[in-house]
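Colleague: My questions are about this predicted structure, shown below with the sequence.
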Amino acid sequence: MSTKNNRFRWWALIALVVLLTPLIAACGGNGGGQATEQPAGGTQATEQPAGGQPTTGATGGQTPAAGATTGTGAQGGDTKCASQGGTAVVGIVQEPDVLDPFRTGMTFAVWVLHALDVPMVRATPKSGEIEPVLLKENPTLENGGISKDGLTYKLNFKEGLKWSDGQPLTAKDLVFTWKTIMDTEYGAGSQLGWENIKSIDLSNNDLTATIKLNEVYAPFAATVIQGSGATTSGYLLPEHKFKGMKGAEIAKSDYGAQGKSGHVGSGPFKIESWKKGEAITMVRNDNYVGTKACLDKMIWSVVPSVDAQTSALQNGEIDLATNYYASDIPTLEKLEDRGVKALAYPAFLVERYVYNFHDPKDPNITVDPKKAKPHPVFADKNVRLAVAMAINRPAIVEKLLFGKAKIGVTEWDNSPWFNEKLKPYPYDPEKAKQLLDQAGWKPGGDGIREKNGVRLSFTHRTTSGNPIRETIQRAAIGDLQKVGVEMKIDNPDATKLFATFSEGGVLSRRQFDMGGYTTGIGLDPDFSAYYATNQIPTKSKPGGSNYGGYSNPEVDKLWKQQATELDPKKRKAMYDQIQQKMYDDVAVLYIYDRLQIDAAGPKLKTPPADFTGYIWWSPESFSMQQGQ
Amino acid sequence: MGRYVVRRLLQAIPLLFVISIILFYAVFALGDPVSRLIANNPRTSEQDIARIKKLYGLDKPVYQRYFVWAGNSLRGDWGSSLVTGEKVTSVLRGRLGNTLILMVTAFLVTLLLAIPIGLISALRQYSRFDYFITALSFLFYSLPVFFLGFLLIYLFSVKFREWGLPALPSGKMYDVRGERTLGQLFKHMILPVLTIALINSALYTRYLRSSVLEVMGQDYIRTARSKGLMGSQVLRRHVMKNAALPLVTLVLLQVATLFSGAVVTETIFAWPGMGLLFIDAARNVDYPVLMGILVASSALIIIFNLIADILYAYLDPRIKYS
């Protein structure tokens, strides 16, 4: 018991901290459930492109194919109240960071915000249909809301709109929102779309806003005007709340701050209290322009583990548990006799395996992909197709995902932009063998094929510690072995996989043969950031997301054309071509379409999901059977 | 003694400095804070990323960020949360109360369980009770916290409700639908307190048992007995005081962790304390908050370590510091 001993303990402390840190990293990585497995940003909201799409449906059609989706639309339910009144408690894994639509990037904050705010126009359950909420109609080419040259948008606000504190809501708030987002000190997550605005002129007692753009940009409406259950696009900031404040002050105000209840919104509920780390309590907003909320109160309760949420749901402590994995479905089904209902909706999220078109060992890959060596095995299209046909995706969906998911086809699965002519690459190991034989890949001594001394072997990298992903990887290894292809696994942490280029992200630096992750389109179909040649991440241009390095000049041309095509039918035709070409090129292997899975207790009735796969588009339709 | 304390305190300064450097780098090894901040959009442009990095000072290399952080901290400014913009001191203060309620209760329950059980176990060595307690404490000590936590939830919350027995809530501090009363708090505390106390008292019981046994075998105990002292007097005056020695370290280091909370337990039981704050901050790579928690806990551990050493001198006259 002398000082000697204490010195020892000091070092032990340091060692402990060092040892603990990776552990903490692991907690951070896995604790968020789905939230962590997404690229560049870590939260699901992050992956949902902020935009919506220039569609209208009901209000006169910019939709390419309203209602013509793959038939997996929303699951049952309607928007009628089961009864009036009552309180519903919704479990969320993480506490919202900030309830400000343009500064949060957190999935759960995005959901909570839907109860407090409503977009100017919003996506509905019917595929491609956008309904007006704050506006009189969704601006389109047809109704004259968008000018023929695509440079002017006219927004007509409804009369007598009010914020939750009773103050009038007008087009002045739109101007304020634009100016705030463009204020650097405010710290908006993205200025996409907004930075393209040249001017906004107000007329008709501030009820009409005429937006002039710098250049034609097809995703504009979807990024700025329209909203869906997955994003916070289409929202407005209340100007009167921030009288005379600059961006930095707005960011520091009580408007969205944790534990404060200063939020002023336009949605079906308004904030009553926010007990930090515990719950956000909301009451009905009688100034809401739409149908008044069925519930008296909606409480968002922070329950940091999904397993704890399930217990709380069984006990009636919460009425809705959120963000499950497909692997949780059997657990949820076992609870059916206790009145628990699993709600699964096809979101625009596709789990994909990305082929690297270049050799990750070539240092040129992060400098100039044109000079980089082609990938030793995946540069050969036959190999890409053979791999696609050898992996038993029907069995993966049926057995590992309990028949609840669908085999992936394209990036635009389940959306109105999907090319209906395309079918998943068939599972056909015999054909796969033939393809490889024809391409000159002959079985070597250990059964793995070779060609010119190159083994048909590759390393697959996805997030570590995700049970579903690891199970599917193991299944794929077995399937590929049968056709003489070797797949090895080297899974980094989610944070490492998705880190930005400057932080050495595995995807960004293209350090993989095949990479697995999930992302998806938002309301707008534009996904050029993931597939255009000029979006391949390099030292000089690190921001792109074309991790595989796919490059097809014809597709590049189509990306350019679609960005300025305002006629939805013509734009859809371009997307049909993009999908066809990417499909023919075997650019990416889409494994399955992921579901958004929540679970409701016996009393709660939720609305059907909007066509993007989320129930949060209409919190006013949440209701409790037999009162509370 | 005074000089010793001063020297130890002076030693703590470079130590904390080194710890903070290691922690700072470790925190940034968690990932890139911007990846969370850029938010909402996979098509966030390079300009967006550059703009936000600059806004939060993340465009500078890590060592420069460290000096900025360390400089401000020395002036008492721990910075603001990257996520909420709230001052770190105020963020920590907001959670400290909740954590102390849970941890202090759990700590007291632990001592109440461990001291009598450990003593009896030692005094009746190799009795049935001793075997039973030994088995039980090994069982609880080897149970992972999350497992015991969920086991208790399953039994006392889910199953009790099914069986129509008075069930306990599965988590949180209060029923979110109702009033925040003291009774509510008590009901919500039972399971998390039990989780921490069962596991910790298993450890304490073992420590106490072996140290009591060691002391009982000493010559001075035999001397005390042969002087004709009563059994209870021997126990109180000679056994307890000496056996408490190794426990002091354990208890005082435990006291230091009372402030940092129980990460796993708080996560399972949705207890809005420091542990949960830590997990949330780690998820978001909210480095000012993480550094605040980590450096504060390191400092507390160092301080309580020192207190433990001073207490040794009081408890054991053989120890002298100079």
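Modeller: Structure received.
Colleague: how does chain B divide into domains?
Modeller: B:2-74, B:88-315 (automatic domain parsing).
Colleague: Quickly, which of those bottoms out on average pLDDT?
Modeller: The minimum mean pLDDT among the domains of chain B belongs to domain B:2-74 (a mean of 82).
Colleague: just how off-centre is that one within its chain?
Modeller: For domain B:2-74, the gap between its own C-alpha mean and the chain's C-alpha mean amounts to 24 Å (Cα atoms, centre = their mean, to the nearest Å).
Colleague: Report how far apart the opening and closing residues of that domain are.
Modeller: 25 Å (Cα to Cα, to the nearest Å).
Colleague: And stretch A:489-506, by the same measure?
Modeller: 14 Å.
Colleague: Which of the domains of chain B sits closest to residue A:215?
Modeller: Residue A:215 lies closest, by Cβ to Cβ, to one member of the domains of chain B: domain B:2-74, at 14.7 Å. For the C-beta atoms, the positions are set from N, CA and C on the backbone; glycine is no exception.
Colleague: Spell out which parts of the stretch 201-322 of chain B neighbour chain A.
Modeller: B:245, B:263, B:267-270, B:272-273, B:276-280, B:282-285, B:294, B:298, B:301-302, B:305, B:309, B:312, B:316, B:319, B:321 (Cβ under 8 Å from any Cβ of the partner chain).
Colleague: Now do the same contact list for residue B:238.
Modeller: Going by Cβ atoms under 8 Å, 6 or more residues apart in numbering or on different chains, residue B:238 touches B:215, B:220, B:221, B:224.
Colleague: again, but for residue A:511
Modeller: Residue A:511 is in contact with A:360, A:461, counting by Cβ under 8 Å, 6+ apart.
Colleague: what do you get for the one 4 residues further on?
Modeller: Residue A:515 is in contact with A:353, A:354, A:356, A:460, A:461, A:462, A:497, A:506, A:507, A:547, A:548, counting by Cβ under 8 Å, 6+ apart.
Colleague: Sort out for me which of those are in strands.
Modeller: A:353, A:354, A:460, A:461 (DSSP state E).
Colleague: Mind pulling up the pLDDT for the first one?
Modeller: The reference is to residue A:353. 97.
Colleague: so it touches residue A:591, yeah?
Modeller: Yes - with contact defined as Cβ atoms under 8 Å, residue A:353 counts as touching residue A:591 (6.0 Å).
Colleague: anything in contact with each of the two?
Modeller: residue A:516.
Colleague: tally of neighbours for residue A:90?
Modeller: Using other Cβ atoms under 10 Å in any protein chain shown, the number of residues around residue A:90 comes to 28.
Colleague: Are we agreed that it is in a strand?
Modeller: Yes - secondary structure assignment places residue A:90 in a strand (DSSP: H, G, I helix; E, B strand; the rest coil).
Colleague: got the contact list for it?
Modeller: Contacts for residue A:90 (Cβ under 8 Å, 6+ apart) come out as A:298, A:299, A:300, A:301, A:318, A:319, A:320, A:322.
Colleague: A strand includes the fifth one, no?
Modeller: No - when the secondary structure is assigned by three-state DSSP, residue A:318 falls in coil instead of a strand.
Colleague: which residues touch it?
Modeller: Contact analysis of residue A:318 by Cβ under 8 Å, 6+ apart lists A:89, A:90, A:91, A:301, A:303, A:309, A:312, A:601.
Colleague: Next: the second one.
Modeller: Applying Cβ under 8 Å, 6+ apart, we find residue A:299 in contact with A:87, A:88, A:89, A:90, A:279, A:280, A:281, A:282, B:176, B:177.
Colleague: Which of the contacts of residue A:318 sits closest to residue A:527?
Modeller: Relative to residue A:527, the closest of the contacts of residue A:318 is residue A:90; by Cβ to Cβ it sits at 30.7 Å.
Colleague: Distance of that closest one relative to chain B?
Modeller: 10 Å (Cβ to the nearest Cβ, to the nearest Å).
Colleague: who's that residue bridged to?
Modeller: Beta-bridge pairing of residue A:90 under DSSP bridges involves residue A:300, residue A:320.
Colleague: Residue A:104 against residue A:94, yeah?
Modeller: No - between residue A:104 and residue A:94 there is no contact, the gap being 11.2 Å when judged by Cβ under 8 Å.
Colleague: neighbour-wise, which of these two wins?
Modeller: Higher neighbour count among residue A:104 and residue A:94: residue A:104, with 26 against 22, using other Cβ under 10 Å.
Colleague: How about the more buried one, nearest residue that isn't a chain neighbour?
Modeller: Among residues not flanking residue A:104 along the chain, residue A:98 sits closest, at 5.2 Å (Cβ to Cβ, 6 or more residues apart in numbering or on different chains).
Colleague: Of all the residues in stretch A:308-316, which ones are buried?
Modeller: For stretch A:308-316, burial by neighbour count (16 or more other Cβ atoms under 10 Å in any protein chain shown) applies to A:308, A:309, A:310, A:311, A:312, A:313, A:314, A:315.
Colleague: show me what contacts the second one?
Modeller: Contact partners of residue A:309, counting by Cβ under 8 Å, 6+ apart, are A:91, A:93, A:303, A:318, A:321, A:322.
Colleague: Quick check: of those residues, which lies closest to residue A:543?
Modeller: residue A:93 (28.9 Å).
Colleague: Settle this for me: that closest one is touching residue A:304, isn't it.
Modeller: Yes - with contact defined as Cβ under 8 Å, residue A:93 reaches residue A:304; the gap is 5.9 Å.
Colleague: ok, these two, which is more surrounded?
Modeller: Legend: neighbour count by other Cβ under 10 Å for residue A:93 and residue A:304, higher for residue A:304 (28 against 23).
Colleague: Could you look up the SS state of the more buried one?
Modeller: Going by three-state DSSP: residue A:304 is coil.
Colleague: which residues does the nearest residue to it once chain neighbours are set aside contact?
Modeller: In space, and not counting its chain neighbours, residue A:304 is closest to residue B:267: 4.8 Å by Cβ to Cβ, 6+ apart. By Cβ under 8 Å, 6+ apart, the residues touching residue B:267 are A:31, A:304, A:305, B:275, B:276, B:279.
Colleague: Work out for me the element residue B:267 sits within.
Modeller: Here residue B:267 sits within helix B:263-268, counting by DSSP states H and E.
Colleague: helices or strands next to the following helix or strand past that helix in the packing?
Modeller: Moving toward the C-terminus from helix B:263-268, the next helix or strand (DSSP H and E) is helix B:274-284. Where contact means 3 or more Cβ pairs under 8 Å, 6 or more residues apart in numbering or on different chains; DSSP states H and E, helix B:274-284 is packed against helix A:3-31, helix B:88-123, helix B:241-260, helix B:263-268, helix B:287-315.
Colleague: okay, now residue B:252: neighbour count?
Modeller: Count around residue B:252 with other Cβ under 10 Å applied: 18.
Colleague: again, but for residue B:115
Modeller: Neighbourhood size, residue B:115 [other Cβ under 10 Å]: 17.
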